[in-house]
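*Asks:* sequence plus predicted model, see below.
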Amino acid sequence: MLAFLLRRVAAAIVMLLVVGTIIFSLLVIVPGDPAELLLSTGGGSATQEAIQNLRIEMGLDKPILAQYFSFLINTAQFEFGTSIVDGSSIADAIALRLPRTLEIIGVGAVLALIVAIPVGTLAGLRGGGRFDVIASGVNALLTSIPGFVVGTLFIYFFAQVLRVLPAGGYVAFSQDPAQHLQMLVLPATTVALHLATIIFRMTRASVLEMRGHDWVRTATAKGLRRSLVVRRHILRNALGPVITVVGLQLGILLGSTVLIEFVYNWPGLSGMLVTAVEQRDYPTVRAIILTVAAIFIGINLVIDILYSLLDPRIRLK
Amino acid sequence: MTAIPVPKKTRLLPAIPRRMILPSILLAALILIPFAAPLITGADPVQISVRDRLALPSWEHWLGQDEFGRDRLARVLYGGQVSLTVAFVATTLACIFGTLLGLIGAYFRGPFEFVTTRLSDVVLCFPPILLALLVVTLFGPGAGTLVAVLSVLYFPSFARIAFSEALRVSSLDFVEASRALGTPSHRIVLGTILPNIAGPVSVQYSLTAAAAITIESGLSFLGLGVVPPAPSWGQMIRGARQFMNQDPLGILIPCVALILTIYAINFFCDRLRDTLDPKGALGGGKDETSVPVAARVTPSDETADVVASIRGLRLQLMSPGGPVDVIQDVSLTLRANQCTALVGESGSGKSLSSLALMGLLPGAIHQAGGALRLRRKSGQMVDLGTLTAKELEDVRGNDVAMIFQEPMTSLNPIHKVGAQMVEAILSHRPMPYADARTRAIDLLELVGINEPARRFDGYPHEMSGGMRQRVMIAMALTCEPRLLIADEPTTALDVTIQAEIIELLQRLRTEYADGLSLLFISHNLGIVSEIADRVAVMYSGQVVEEGPVSQVLNSPHHPYTVALLESMPSSHEELHSARGDRLRAISGTPPLPDARPSGCAFRDRCPIAIPSCADAPPPLFNSADGDRQVRCFRAPEAGSEAAR
């Protein structure tokens, strides 16, 4: 087990290094002078002096290898530098906004799991039956609605037509817990809806596969109650693949919540990212993406370990 | 089951399967309509008319006008052109490059393989939208940037699929053959491998197209995709958002267009996947097991030593062409302290008859008649068909237990062996966990497992097949059942282990479970002669001969039993390993349940058949002492019964 853990951690570190290198080299392979590129807005170009200043600020005047190593060392210490737009600390801004993003993803994921796993299990157990056909049909439709469309339609119905929930915004929990939760409902549900369609699909397929295995027949032959057979010998086995997919999706969600946060005006990482992209604030964009990729790799590591606890055979591979 | 291979019909052009017609039409319509925009409306999608801001639908403007007074119909249609073009150009580029890379990786292996497989791992680390935003930061927004980003994002997934599919295909016989014939590499890759991986790649293509539209519209919605004033759906939603309370049509129309398009692609993709890989598609919605049916008449010929009886059992397979009898009128009486063997070729109905006694028939099999009766520990004889689902759970494992053919797959791989035994004990006898554990360990020792306490905490994958089968036996014995069904328990094991398992079963019958009745299913007459007291021979869903094992095997009366005995290998070695799927002594194969000949089911293969065998199916004839039965017009019993 320890060897397995060490192997996985080592693989994750290598992955982080590769990701960092790719992000670093993007700036190098961009044709032309990055400083000039970043400062160009519309058709006009910046003054030579401004470009020269930015070059020094971003360390672009140093040799590439030196840039690379100082980039790696700084990143490892969470030193992301300052925004080229207003000179504020990027690390501080991320520390402020990241928890808000994680909040809607976390709440959304819990909601999605609570709904999608039972429904997916039921559909899988009755594969081809009426419940399955209806649930799968609804799911296929929901899968086809992009998150920002769901958000827009939610705002229209719940905030404009029914007027039961706020259209968006953010109040810190410490300031006004009730309002914070009210404002959390729509963003979290939107995240949950998207995630739930994927979890449903995976759970159903996995249960459908597991229920045909010989050990399920053995369990029934032993005289186990049906609910126990389903729980211990179908669902438990089916969860491995489901957890893997959830992990992967959580990582992808870190990116696609950008849209959902934007729709609801939720001041997570996204507002920061969208503004940074608009202003071509490359150091900020780079820092956010590195953070997200690191969390993503971290989640996958946790998932791998969880999976190995669920299925002892994995540890052998 | 022995199936006759049906030659596949080949056509010059592959016909479109019926299930693909609707999704294909829907998809084609949604793709073509935006490109037919000039035929549908003459309006200009970028023509601003401030006077008509947010105008409602009118004769000139069917869908009304947007916040700048632009014609909304024209904007939806032209916006669709932009979205679809970006998505499909990017997907096509990704598909071409990715597939090529995958093929190269699979064909040349080595460093190519490494690049192909690792590349997708790395790209997968970036949430797609973020990577797109990163590139937009550097290059600025625009349709060109989008196409570039999307194709870079998606080509690794094509590479991965093409790679793994190509690996699968290139190990197939015909590829090996053309390689051996000296066909040049590029001809093999493009001419032979590529057409064979087209299916999975096209599924990936439609998946990617849907994802690309989602990302394109998302970025345009953020204002970082298609640059205004060129219309796009994401941008229309973005623009109409501020006015949604005055003009809900503004958001609804592009939302519906977007959802419909993505849905059409997904729908197409699902159906395509089902068509290419039909095993994923499902017919009925039944749960796994079908319910036993109560008998209409109660048999009265049961003495106290009868543990279980099957009377006139008829099982039907619910097939699309109507129900087919797979078991016809099977009767069997199992007594305490007796081992009854059920023998016959694969597909003769041995396993189904025994599963019926457990109430474990697969959902597609339906009990059409007969009675399944079992003596419970209370001494009472019950009809399985009258029991509730809960009572049936109580009977299984407790009054009757079963050992299956495949020890490798019969234990759940993710639970410890001990836990799987303990749950069987606890589900029938509530007791403290520690007691159940002690009991399980004792049983493991009884079935001859070394270090039982250590094995209790082990997983099935740490054990050999023989050990797993011992565990299965221990598990079946946990609640001291009166009847143990062993369905070919040694077939999957190697020869020396087979003998050990048989010995173990023999020993347990005499030493451990006093009065245990054993139903032993096998096609191996050698093992049967060692272990069984009585034998029932099955052919094509019927019992054709039944009687004491010594009499039946020494002087068989049914020609099928004769053939079975003649096809038995002579040396001891082979005796235990023969699969018995083929009868060497007689030609032909057993008839499929829906294609039995008239009269006697065996007459086609029977060496002693006479014309009258085709007239009516033979009944079971009783021997003079009533101890033997045979289903043959030409058997001695038929004569003696007729004489009486």
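*Replies:* In hand now; what should we look at? Residues are numbered from 1 along each chain as shown, chains lettered A, B, ... in the order given.
*Asks:* contacting residues for residue A:158?
*Replies:* Residue A:158 makes contact with A:164, A:165, A:186 under the criterion C-beta atoms under 8 Å, 6 or more residues apart in numbering or on different chains. Every residue, glycine included, has its C-beta placed from N, CA and C.
*Asks:* now do the second one against residue A:264, distance only.
*Replies:* Distance from residue A:165 to residue A:264, counting by C-beta to C-beta, to the nearest Å: 10 Å.
*Asks:* what's the answer for the first one, then?
*Replies:* The spacing between residue A:164 and residue A:264, counted by C-beta to C-beta, is 15 Å.
*Asks:* repeat that for residue A:254.
*Replies:* Residue A:254 is 16 Å from residue A:264, by C-beta to C-beta.
*Asks:* and these two? which has more neighbours close in?
*Replies:* Each of residue A:254 and residue A:264 has its neighbours counted (other C-beta atoms under 10 Å in any protein chain shown); residue A:264 has more, 29 against 26.
*Asks:* tell me where the stretch 201-350 of chain B has helices.
*Replies:* B:233-240, B:249-276, B:350-358 (DSSP state H, counting those that start in this stretch).
*Asks:* on that earlier part again, just the buried members of the contacts of residue A:158?
*Replies:* A:165, A:186 (16 or more other C-beta atoms under 10 Å in any protein chain shown).
*Asks:* smallest gap between the stretch 101-250 of chain A and chain B, at which residue?
*Replies:* residue A:129 (2.2 Å; C-beta to the nearest C-beta).
*Asks:* burial count for that residue?
*Replies:* Residue A:129 has 17 nearby residues by other C-beta under 10 Å.
*Asks:* got it, and the one 10 residues further on?
*Replies:* By the measure other C-beta under 10 Å, the count of residues near residue A:139 is 20.
*Asks:* report the secondary structure state of it.
*Replies:* Under DSSP: H, G, I helix; E, B strand; the rest coil, residue A:139 falls in the helix class.
*Asks:* wouldn't it be in contact with residue A:201 here?
*Replies:* Yes - if you go by C-beta atoms under 8 Å, residue A:139 and residue A:201 touch, sitting 6.5 Å apart.
*Asks:* pull the helix or strand with minimum mean pLDDT from the chain.
*Replies:* Using chain A. When each helix and strand of chain A is scored by mean pLDDT, DSSP states H and E, helix A:34-39 comes last, with a mean of 70.
*Asks:* chain B was what I was after
*Replies:* Going by mean pLDDT, DSSP H and E, chain B bottoms out at helix B:572-577, a mean of 46.
*Asks:* and the next helix or strand after that one, what does it pack onto?
*Replies:* Downstream of helix B:572-577, the next assigned helix or strand under DSSP states H and E is strand B:621-622. Using 3 or more C-beta pairs under 8 Å, 6 or more residues apart in numbering or on different chains; DSSP states H and E, the elements in contact with strand B:621-622 are strand B:629-630, helix B:636-643.
*Asks:* and for the nearest residue in space to residue B:307 that is not next to it in sequence, the neighbour number?
*Replies:* Closest residue to residue B:307 apart from its sequence neighbours, by C-beta to C-beta, 6 or more residues apart in numbering or on different chains: residue B:517 at 4.2 Å. Residue B:517 has 25 neighbouring residues, counting by other C-beta under 10 Å.
*Asks:* now do the same contact list for residue B:517.
*Replies:* B:307, B:308, B:334, B:335, B:336, B:337, B:338, B:339, B:340, B:482, B:483, B:484.
*Asks:* roughly how far does the residue of the stretch 151-300 of chain A at minimum distance from chain B sit from residue A:154?
*Replies:* Going by C-beta to the nearest C-beta, chain B is nearest to residue A:255 of the stretch 151-300 of chain A, at 2.4 Å. From residue A:255 across to residue A:154, the span is 20 Å (C-beta to C-beta).
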